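[1] Output the structure for:
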Amino acid sequence: MADAPDKLRLDKWLWFARFFKTRSLSAARVAAGDVRVNGARVTKPATTVASGDVLTFAIGDHVRIIEIVAIGTRRGPAPEAQALYNDMSPEPAPRETPVSQNPRFEGKGRPTKRDRRQGDLSRARHLE
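    Numbering: from 1, shown residues only. A predicted model of the protein is given here:
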């Protein structure tokens, strides 16, 4: 097998490192200008990257700052993909409310049939 290449296409590397599910998604994000290489905005998916380059891009509401450590030869399992980069992203700010918390109903629970009928009667009287 041949030695690992020194450089690789940006869209392919982002796919190898498992930042995007498909190579076409990574190419689309690069073409949209959402990725910066060493601080410069890049719009061509065929831009070559090498070890030591720093990538900056947003995924959702989180900005990722990634230093490329290795190029890689394939899209392997997650531990192999995580060995390709060093994550220099700042920690996200803590949220005020937990994500899994459901909004609470201010009353005593679900209205009964009687409550609903009384509400319908009061609205009917109001409309007259």
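
[2] Sketch out the low-pLDDT regions of the chain for me.
    1-4, 97-108, 120-128 (pLDDT under 70).

[3] Over to stretch 42-54 now: how far is its first residue from its last?
    End-to-end distance of stretch 42-54 (Cα to Cα, to the nearest Å): 12 Å.

[4] got the buried residues for that stretch?
    Residues 42, 45, 47-49, 53-54 are the ones in stretch 42-54 that count as buried (16 or more other Cβ atoms under 10 Å). Just so you know, the C-beta spots here come from the backbone N, C-alpha and C atoms, and that holds for glycine as well.

[5] would you list those in JSON lines and tack on secondary structure?
    Shown next, in JSON lines, are those (DSSP: H, G, I helix; E, B strand; the rest coil):
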{"residue": "42", "secondary structure": "strand"}
{"residue": "45", "secondary structure": "coil"}
{"residue": "47", "secondary structure": "coil"}
{"residue": "48", "secondary structure": "strand"}
{"residue": "49", "secondary structure": "strand"}
{"residue": "53", "secondary structure": "coil"}
{"residue": "54", "secondary structure": "strand"}
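
[6] so which of these would you say is closest to residue 117?
    For these, the minimum distance to residue 117 (Cβ to Cβ) is 62.5 Å, reached by residue 45.

[7] quick one: contacts for the closest one?
    Contact partners of residue 45, counting by Cβ atoms under 8 Å, 6 or more residues apart in numbering, are 9-11, 26-27, 30-31.
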